[in-house]
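**Student:** Build me a model from this:
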Amino acid sequence: MKHIFSHSFATRLSIYVFSFTLIVFATIMALFYNYNHEKVTSYAIERTHGLLSNIATEISSQLMSVETTINQSTWVLERNINLPDSLHLIIESVVKNNPLIVKSGIAFTPNYYKEKGKYFMPYASLDNKTNHVTYQVLGSQNYDYPCMDWYLIPKMQKQAYWSEPYYDDGGGNIIMSTYSKPLYDNRGELFAIFIASISLTQFTDTISLLKPYPSSYTYLISRNGSFLTHADRDKIMNETIFSEAFATENHSQEQIGREMLAGHTGTIRFDNQGNDSYAFYTTIPQIGWSVCTVCPSRIILQELDNTSRKIIYTFLGGILILLLIVYSIIRRLVRPLEKFSESAREIATGRFDVTLPLVRSNDEIKDLYDSILQFLCVVMTEFLLMVSG
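**Tutor:** Okay, here's the model as predicted:
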């Protein structure tokens, strides 16, 4: 009899074996992927936060060195307070001895030195290209420093203060952050604010080097969420993390901003302009800024995905070969059954001289052969008795 391949016993049995193997593999593969997905993600979180912690510590150390320089120079200033024309030597020494400090000045309270006029602020700046120190005296109606945050806030708070980044148009003409230390006389009255300014470009290179993964980027935000460094330089000092979130209606990014401004450390998975990404963030307690690394999840899982694809492709190739081998073996095993079936049909038509297929195995097929042979002998005997009678 001509069999339809797709309905044959060998085909169906092969499909059962293939399906069972595929289900087992899919289950194992799902467990493998989920387990390693958690491991890879946990490793990425731990690794990236380790790098963020290192860079936060590095920035804190740099800021602390600025504070230390000002603190150490304060006693020299106090000893020479009656020599206003010599104070430029102190601030010139500050910018020369600390590579982070690009500007330094001493903003005296109005009319402190009557002979110097209402405003008197010795101010020194260092040209990093020429290593030349420029000295000038600031203070005018166009540069009313007592009204500026770096002067007013430490005066009101009566403690040292790192200012929000700003454009110092009258002094540095660059984006800076200023460390301000209020100075008091023996009567406890404020007489000056000793400042040291650092350029944000000092941190740009440090932050840009932090790329835990390809396509990742790191940015720094201030206490109010302004971008201090960013891969997109147009956003620096022009946008905040919230303005970007509001523009795209990205609530997850709003949450990231709130977490960062609250001084928290954590990880949030979010939609970054259509890319599923992770945000790793931590704070810089020294100044209240926060640093964040953003990385697409596909990059983090890229190696795992590549390995999983290789395993799947290898398995599919192997299981196709296995299917052919299993089908071939099953076809060979069931071939005697097909011949027995043909012999049984011929016997049913009255042909008792049918030759049964030879069976060499000692298994169920041999038992079937013996049973059919015994049945054939009984039928032949009955037939001969009936004919002779």
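**Student:** I'd like the mean pLDDT over the host helix or strand of L63, please.
**Tutor:** Taking DSSP states H and E as the definition, L63 sits inside helix 9-79. Mean pLDDT, computed over helix 9-79, is 86.
**Student:** Could you look up the SS state of the most centrally placed residue in the chain?
**Tutor:** With distances taken as Cα atoms, centre = their mean, the residue of the chain nearest its centroid is C295 (3.6 Å). Three-state assignment for C295 (DSSP: H, G, I helix; E, B strand; the rest coil): strand.
**Student:** That one and L52, how far apart?
**Tutor:** Separation of C295 from L52 (Cβ to Cβ, to the nearest Å): 12 Å. No exception for glycine: its C-beta is placed from N, CA and C like everyone else's.
**Student:** if we can go back for a sec, and the residue nearest to the centre of the chain, what is it in contact with?
**Tutor:** By Cβ atoms under 8 Å, 6 or more residues apart in numbering, the contact list for C295 reads 44, 48, 212-213, 215-216, 277-278, 280.
**Student:** Keep only those of those residues that are in strands.
**Tutor:** The members of the contacts of C295 that map onto strands under DSSP state E are 277-278, 280.
**Student:** hang on, the earlier thing: please name the nearest non-neighbouring residue to the residue nearest to the centre of the chain.
**Tutor:** Among residues not flanking C295 along the chain, S216 sits closest, at 3.7 Å (Cβ to Cβ, 6 or more residues apart in numbering).
**Student:** before we move on, back to that, and after the helix holding L63, which helix or strand comes next?
**Tutor:** Next along from helix 9-79, by DSSP H and E: helix 87-97.
**Student:** List of residues touching that next one?
**Tutor:** Outside helix 87-97, the residues that reach it (Cβ under 8 Å, 6+ apart) are 69-70, 73, 76-77, 80, 101-106, 122-126, 133, 135, 196.
**Student:** Would you mind measuring from G139 to G117?
**Tutor:** G139 is 7 Å from G117, by Cβ to Cβ.
**Student:** Compare these two (neighbour count), which wins?
**Tutor:** Neighbours per residue, other Cβ atoms under 10 Å: of G139 and G117, the larger number sits with G139, 22 against 12.
**Student:** The more buried one: what's it in contact with?
**Tutor:** Neighbouring residues of G139 by Cβ under 8 Å, 6+ apart: 107, 117-121, 145.
**Student:** Closest to A192 out of these?
**Tutor:** A107 (6.2 Å; Cβ to Cβ).
**Student:** quick one: the helix or strand hosting the closest one to chain centroid distance?
**Tutor:** Taking DSSP H and E as the criterion, A107 maps to strand 101-108. Relative to the mean C-alpha coordinate of its chain, strand 101-108 is positioned 39 Å out (Cα atoms, centre = their mean, to the nearest Å).
**Student:** Report the angle between it and helix 9-79.
**Tutor:** Interaxial angle, strand 101-108 versus helix 9-79 (axes from the mean of the first three to the mean of the last three Cα atoms, to 10 degrees): 40 degrees.
**Student:** Mean confidence (pLDDT) on strand 101-108, please.
**Tutor:** For strand 101-108, the per-residue pLDDT averages 93.
**Student:** And it, what does it pack against?
**Tutor:** Secondary-structure packing of strand 101-108 (3 or more Cβ pairs under 8 Å, 6 or more residues apart in numbering; DSSP states H and E): helix 9-79, helix 87-97, strand 121-127, strand 175-184, strand 190-199.
**Student:** D271: which of those is closest?
**Tutor:** Of all those, helix 9-79 sits nearest to D271, with 17.0 Å by Cβ to Cβ.
**Student:** what bits of the stretch 251-389 of the chain have low per-residue confidence?
**Tutor:** Counting by pLDDT under 70, the stretch 251-389 of the chain shows low-confidence ranges at 337-338, 340, 346-365, 368-369, 379-380, 383-384, 387-389.
**Student:** which residues in it form helices?
**Tutor:** In the stretch 251-389 of the chain, the helices defined using DSSP state H, counting those that start in this stretch lie at 251-261, 297-300, 302-348, 364-388.
**Student:** One more: the stretch 101-250 of the chain?
**Tutor:** With DSSP H, counting those that start in this stretch, the ranges of helices along the stretch 101-250 of the chain come out as 149-157, 201-208, 241-248.
**Student:** Flag every buried residue along the second one.
**Tutor:** I take that to be helix 201-208. 202-204, 206-207 (16 or more other Cβ atoms under 10 Å).
**Student:** And for the longest one?
**Tutor:** Judged by neighbour count (16+ other Cβ under 10 Å), helix 149-157 contains these buried residues: 150-155.
**Student:** From the contact counts, what lies against that helix?
**Tutor:** Counting by 3+ Cβ pairs under 8 Å, 6+ apart, helix 149-157 packs on strand 161-162, strand 175-184, strand 190-199.
**Student:** try 7 Å this time
**Tutor:** strand 175-184, strand 190-199 (3 or more Cβ pairs under 7 Å, 6 or more residues apart in numbering; DSSP states H and E).
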